[in-house]
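> need coordinates for the following:
(chains A and B)
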There are 2 protein chains.
Amino acid sequence: MSELRHDPVTRRWVIISAERSRKPTEFVQPERHPTSPQACPFCPGNERATPPEIRALRPPGSDPDTPGWQARVFANKYPALSIEGEPDRRAVGIYDRQRGIGAHEVIVESPQHEGHLADMDTVHVERVLGLYQERLADLYRDLRFKYALIFKNHGLTAGAMLPHPHGQIIATPVTPRSIAAELESARAHYYNKTRCLFCDILNQELEDGTRVVSADEHYAVLTPYASRFPFECHIFPRRHNHSFAEEPAASIAALARTLKDLLARLKGVLRDPPFNYVIHTAPNTAAEKRRRDYWGTLEVDYHWHLELLPRLTQIAGFEWGSGLFINPTSPEDAAAFLRDSPV
Amino acid sequence: MSELRHDPVTRRWVIISAERSRKPTEFVQPERHPTSPQACPFCPGNERATPPEIRALRPPGSDPDTPGWQARVFANKYPALSIEGEPDRRAVGIYDRQRGIGAHEVIVESPQHEGHLADMDTVHVERVLGLYQERLADLYRDLRFKYALIFKNHGLTAGAMLPHPHGQIIATPVTPRSIAAELESARAHYYNKTRCLFCDILNQELEDGTRVVSADEHYAVLTPYASRFPFECHIFPRRHNHSFAEEPAASIAALARTLKDLLARLKGVLRDPPFNYVIHTAPNTAAEKRRRDYWGTLEVDYHWHLELLPRLTQIAGFEWGSGLFINPTSPEDAAAFLRDSPV
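This next block holds a predicted model:
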């Protein structure tokens, strides 16, 4: 069982993972991708190498955990957090801890070992995004979970252990600090101005134009004014909505086009760079409503979005020690390169 | 000229660096260490390859920027921040910016191209730490600088561009968010309890013992209760002191022994892992005192320390997206391995 531990200095929760436990000698060997589909636990035919299927896109009537699927969801074999039990929150002298309760799922996005979302059919990408929505909504039915983060690691240096295209979702019994910080800013802005902070940013950026990569009636792709990473891009729905899970089907079809287009531009400009993306959506409102200090304005002040982080630079001592990032590519230059990229 | 930009959502400052500007094609080639001392700008005989010497440990009467030195300080050739000018703070619609004013220095720690602090004489390490102190005190005479972070990158994956042993110091016109968060926690703790938060942690840890790597009368080395990284270690002076620059000479001699011992243990257990270390010390009190909202209790509530971060795991989408870290090695296991390591 993992443990969540709280540091009173940085006020940060950390997951100390028992299931992923590693000894000193295990750090000495570099991690490697399995190179062949035969050895890949995410490839069709190897369904027994993973925990049982939770959900799949597969022909009606076909058996779970057999080939024939187009996308497939199962629990991570080495989960950061475990599904069974109660948090059992306790003080340990000056510290705080709770048991590592949560969920950790893998969403295999294609039967193809070497696929890339940029090269898949738009309709297929749309169905994968629909699966993300479904898993998020399902995990939020569990009131122990305050948040669920959908994310993707692409490339070894971005933390992907397997090259087979897949996303992940981790549900946590705490609201992660990055989300809490966004909620706090958004709430304060709304309190002062009765407007959504993200809508205000979107309006300013669309008017200015220098950091806009693309925009249609549904979505805008921006390189943020204070980008931490070179070629960092955020995708915002233009119509205000706090919840990715509640985005309507027509909008998810548009998101599939936008995401595929952005990934293709990045592949073009930077030759298939390693990247992470994460979906920032509202916390589990149903769980929050049980608390007396519920953030009651969430629906009006938060605005879900997707953050795409290319992993082109090393994060070194200065960044870890200060929390200040040094970005060698201005967001205006990055947006111009991406706009001009042939798709 | 670099620019400091503020993001209203994450409330984070980012340095958009003009001097380090990189185009898309420059990210495609992997970065490489120069392998030979002949090509190394930090090696003796190549002093003309660096900006002029600011300070050096060299024989009395010898000329600056000539060989014969034991350690040498100069401005970074590609500084993240520039020394000339005033911040010129401005709003840009919903955003904030200021010019990238600051200092960025390199401290070459040895004439040996392949040296490692773990293998140098204790007396030499002591003199290097004395140089760190001297540069910090000197930079704090400039009231434009609110903070100066001393750090070291060791190994390519920890962000070291050159293998030649060196530290760096970056002075910033803002208090970095990691430091601001520590100051806030420390101040709140002192306000409530009239005790230093770090002294309280130190007392609890020394009594408990499971996360203590080593301790003598001057310093204690701990693996933090909520370590973000496997084998993360913090060195704390046992006598309360907010300022690294004001640590007396006898204590710096003890720090040299402690740091060298810790680095040797890490080398032993993990076969010379890549790492970063950073010194967290109080902000520039002289600059802060000009403000009406000065943190007046700094001397009693803050406690300087050195954080050593081995870089053994990839930081992936979940960590970037949530701010929650997954650590696969418990700090208790890490402390036990380091205690048992032959030095």
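
> count of neighbours near residue A:289?
Other residues within reach of residue A:289 by the criterion other C-beta atoms under 10 Å in any protein chain shown amount to 13. Backbone N, C-alpha and C define where each C-beta goes, glycine included.

> now the residue in the stretch 51-200 of chain A positioned nearest to chain B, nearest residue through space, not along the chain?
The nearest approach of the stretch 51-200 of chain A to chain B comes at residue A:159, 2.6 Å away (C-beta to the nearest C-beta). On the basis of C-beta to C-beta, 6 or more residues apart in numbering or on different chains, the spatially nearest residue to residue A:159 that is not a chain neighbour turns out to be residue B:316, at 2.6 Å.

> doesn't residue A:154 make contact with the one you found?
No. Residue B:316 is not in contact with residue A:154 according to C-beta atoms under 8 Å; the separation is 10.0 Å.

> okay, the two: which has more neighbours?
When residue B:316 and residue A:154 are compared for neighbours, residue A:154 comes out ahead with 28 against 23, by other C-beta under 10 Å.

> surely the residue of the stretch 51-200 of chain A closest to chain B touches residue A:276?
Yes. With contact defined as C-beta under 8 Å, residue A:159 reaches residue A:276; the gap is 7.1 Å.

> so between these two, which is more surrounded?
residue A:276 (25 against 21).

> can you tell me the helix or strand for the more buried one?
Following DSSP states H and E, the helix or strand that holds residue A:276 is strand A:275-280.

> burial of residue A:277, as a residue count?
Under the neighbour criterion other C-beta under 10 Å, residue A:277 is assigned a count of 26.

> need the pLDDT of it.
Predicted confidence (pLDDT) at residue A:277: the value is 98.

> what's near enough to touch it?
For residue A:277, the set of contacting residues under the criterion of C-beta atoms under 8 Å, 6 or more residues apart in numbering or on different chains consists of A:151-152, A:306-309, B:317.

> same question, residue A:64
A:52-53, A:56, A:58.

> so residue A:7 makes contact with residue B:224?
Yes. Counting by C-beta under 8 Å, residue B:224 is a contact partner of residue A:7 at 6.6 Å.

> re the thing from before, can you read off the pLDDT for the residue of the stretch 51-200 of chain A closest to chain B?
Each residue has a pLDDT score; the one for residue A:159 is 92.

> do residue A:34 as well
According to the predicted model, the pLDDT of residue A:34 comes to 66.

> ok, residue A:287 touching residue A:141?
No. Shown here, residue A:287 and residue A:141 do not form a contact pair, counting by C-beta under 8 Å, at 9.9 Å.

> what about these two, which has more around it?
residue A:287 (19 against 10).

> how far away is that one from residue A:105?
Using C-beta to C-beta, to the nearest Å, one gets 18 Å for the distance from residue A:287 to residue A:105.

> near chain B, which residues of the stretch 101-250 of chain A? Just list them.
The stretch 101-250 of chain A has residues A:147, A:149, A:151-153, A:156-160, A:168, A:170, A:172, A:174, A:176-179, A:181-182, A:185-186, A:189, A:197-198, A:200-201, A:204, A:208, A:224-228, A:230-231 near chain B, with proximity defined as C-beta under 8 Å from any C-beta of the partner chain.

> what residues are up against residue A:14?
Listed by C-beta under 8 Å, 6+ apart, the contact set of residue A:14 reads A:4-7, B:226-228, B:324-327.

> surely residue A:283 touches residue A:178?
No. Contact status for residue A:283 versus residue A:178: not in contact, 11.9 Å apart, counting by C-beta under 8 Å.

> between those two, which is the more surrounded one?
Looking at residue A:283 and residue A:178 with other C-beta under 10 Å, you find the greater number of neighbours at residue A:283, namely 24 against 19.

> does the more buried one count as helix, strand or coil?
Under the three-state scheme (DSSP: H, G, I helix; E, B strand; the rest coil), residue A:283 adopts coil.

> need the contact list for it.
Here residue A:283 is in contact with A:146-147, A:175, A:179, A:183, A:298 (C-beta under 8 Å, 6+ apart).

> same thing but at 10 Å, please
Residues near residue A:283 by C-beta atoms under 10 Å, 6 or more residues apart in numbering or on different chains: A:140, A:145-148, A:172, A:174-176, A:179-180, A:183, A:242-243, A:295, A:298, A:302.

> now do the buried residues in stretch A:161-171.
Buried residues in stretch A:161-171, counting neighbours by 16 or more other C-beta atoms under 10 Å in any protein chain shown, are found at A:162-171.

> any chance of the residues you listed in TSV, plus secondary structure, distance to residue A:38 and pLDDT?
Putting the buried residues of stretch A:161-171 into TSV (DSSP: H, G, I helix; E, B strand; the rest coil; distance: C-beta to C-beta, whole Å; pLDDT from 0 to 100) gives the following:
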residue	secondary structure	distance to residue A:38	pLDDT
A:162	coil	13	91
A:163	coil	14	93
A:164	coil	12	96
A:165	coil	18	97
A:166	strand	18	98
A:167	strand	23	98
A:168	strand	23	98
A:169	strand	27	98
A:170	strand	29	98
A:171	strand	32	98
